[in-house]
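[1] Predicted structure and sequence below. I'll ask about it afterward.
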Amino acid sequence: MRTLFGSIASLLLMLVAGCNTVDPDECWVNTSGGFDDEQPIPIGAGVGATSSGDFGTPPAAEPLDYGGEPNPCMAPEVDFTIPIAKPSDFPFVTIIPDDGTDTGGGEQMAEASLPFTRIHNLSVRRWYCSLTIRMPLRTELMGKISASQAAILSAEVTNIASKRMDFTLPEGIFCDEFPMAVLAAFKEKYKYLGARVTK
């Protein structure tokens, strides 16, 4: 009987010692069943890493401004967007031929329906916005603009505008504001192109 009690005491001593040596970068779970045999109780990383109830070092004054390693017991919040406009999304066609009489002339147009994706934690939201882009066939400063070049410029500018959008907006409002953002990006990136953007 004494041998049995001695074994139990030794086992308890090992468990107590183990609780005082949890690595700060590990996430442990109490599998003892919790209180009254409820579900296991998760223990945060680094809990029990010291044998004393005192702080080894003073707690940080700004716990949210922490530059150390992430807590492995907490799932990181993921929130990112995917602008994926490609030149092939802009099939430009000539609507006004260039008569060659002025320094610039003609007009070409592309209608596009662009996909947008927002990933927030485990939620994925995808929607489409339609817009129409018009630009000259020839300009004074840039010369002739082929349909393929117009498509490349449109994809570039559209992706710039996408990165500036607020992806938390409702889809309808987002699609209303998106053409204006694309037009602003055109004027910033290619000021003398004369591109026009409508919904």
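    Great, that's in hand.
[2] What are the buried residues along stretch 157-173?
    Across stretch 157-173, burial judged by 16 or more other Cβ atoms under 10 Å covers 157-162, 165, 167. The C-beta positions use only the backbone N, C-alpha and C, and glycine is treated the same way.
[3] can you list those residues in CSV and add secondary structure and distance to Arg196?
    Shown next, in CSV, are the buried residues of stretch 157-173 (DSSP: H, G, I helix; E, B strand; the rest coil; distance: Cβ to Cβ, whole Å):
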residue, secondary structure, distance to Arg196
Val157, helix, 12
Thr158, helix, 14
Asn159, helix, 19
Ile160, helix, 17
Ala161, helix, 14
Ser162, helix, 19
Met165, coil, 20
Phe167, coil, 25
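[4] quick one: which two of the residues you listed are the most distant?
    Val157 and Phe167 (18.2 Å; Cβ to Cβ).
[5] Arg125 reaches Pro115, doesn't it?
    No. Assessed by Cβ atoms under 8 Å, Arg125 is found out of contact with Pro115, at 11.2 Å.
[6] What's the local residue count around the closest residue to Pro115 other than its chain neighbours?
    Once flanking residues are discounted, Pro115 sits nearest to Tyr128: 5.6 Å by Cβ to Cβ, 6 or more residues apart in numbering. Counted with other Cβ atoms under 10 Å, the burial measure for Tyr128 works out to 11 neighbours.
[7] now Glu177
    16.
[8] what does Arg126 give?
    11.
[9] Can we start the residue count at 551 from this point?
    All set: I'll call the first residue 551, so the last point we hit is now Arg676.
[10] Give me the pLDDT value at it.
    Looking at Arg676, its pLDDT stands at 91.
[11] Surely it and Thr667 touch.
    Yes. Using Cβ under 8 Å, Arg676 is in contact with Thr667, at 4.9 Å.
[12] buried stuff in whatever helix or strand Cys679 lives in?
    Using DSSP states H and E, Cys679 sits in strand 673-685. Neighbour-count burial for strand 673-685 flags 679, 681, 683-685 (criterion: 16+ other Cβ under 10 Å).
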